[in-house]
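Peer 1: sequence first, then the predicted structure, then my questions.
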Amino acid sequence: MTASSWDTPEQALGPAAWEALLAARTVDLAVLVEVLGDALLEHVRSPMLHRAADDAVRLRLTALAAGGRRRRDAAPEELAELRRHADAAAQKLRTALDRLTDARGQEMEPAAHAVAVLTGGEPAAACVAAQAALRTTEVVYVALDAMGLRGLDPVEVLALVRAGIAVPRALTLAELLSSRRWWPKRLREFALAGVAAGGDPTAYVACMDDLAYAQLSTWQQRAALELLGGPGSRFGLDGTAAAAEVRGIEYVPRQRVGGTARGLAG
């Protein structure tokens, strides 16, 4: 479940997953429309549709910017007018696409279709549609950016969601792991598997921190992990205790400080 490259084979996320992802954190719609819109525009082939799609993105951004002003809000009538222009541009693009589809018998411009959905005010549906023109990883990257989570690895987020982890929990774990690229691979996989099975992300990350800081050899890491996490484990998720056990060091439990237990003696 580890991830390191956008070249990893991908499978598109379905509507339910996108709805859950965008509902997990506050989404800056202006960022989503601007960044995803620009990426999609590069794949619109028809000059006529490209102009219509560009207008739809531009006018929707203008309306969103006016509605998001902090120092001086736009007058209600001005804002309503901007939104009407944006809605009209999105509808114009949809109409042009429908005519093209009717004429040719199939959807010929998936990127333009995604822009129409995006500028029509359906962010989750737009992300679903965008996967026909862009890699799923790229769309997730844009979504994370719009959610203020740009530092997260989109490949890792996808892996967590596809493993069946609830989206809020997956994002929490991805945030915790984003500063722990230095962990050995088996510790990372153990934490991911534990959370996928319903474990607490914070507890698993703290436990793996303890093992990582203990600087165990390869076989010691493997032995320590065998002592942890199971229902019959007397160590639970106490990584320091497991590390002490495999190294034959006396362990005196102390209060956890800063997420890492300290208590090796001898």
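Peer 2: Received it, and whenever you're ready, just let me know what you need. Numbers count the residues shown, from 1 in each chain.

Peer 1: what does the helix or strand of the chain with the lowest mean pLDDT contact?
Peer 2: The weakest-scoring helix or strand in the chain, judged by mean pLDDT, DSSP states H and E, is helix 185-196 (a mean of 87). For helix 185-196, contacts defined as Cβ atoms under 8 Å, 6 or more residues apart in numbering pick out 1-2, 159-160, 163-165, 169, 173, 177, 180, 183, 201, 204-205, 207-208, 211-212, 221-222, 225, 228-229. C-betas here are computed from N, CA, C, even on glycine.

Peer 1: and those residues, which of them are in helices?
Peer 2: Among the contacts of helix 185-196, the members falling in helices (DSSP state H) are 159-160, 169, 173, 177, 201, 204-205, 207-208, 211-212, 221-222, 225.

Peer 1: average pLDDT for stretch 199-218?
Peer 2: Summarised as a single mean, pLDDT over stretch 199-218 is 91.

Peer 1: next one: phi and psi at Ala12?
Peer 2: phi -60, psi 140 (degrees, to the nearest 10).

Peer 1: which non-adjacent residue is nearest Gly14?
Peer 2: Val128 (7.2 Å; Cβ to Cβ, 6 or more residues apart in numbering).

Peer 1: in three-state terms, label the one you found for me.
Peer 2: Here Val128 is helix, with the state taken from DSSP: H, G, I helix; E, B strand; the rest coil.

Peer 1: next, the distance between the ends of stretch 157-174.
Peer 2: For stretch 157-174, the first-to-last residue distance is 6 Å (Cα to Cα, to the nearest Å).

Peer 1: understood, closing this out.
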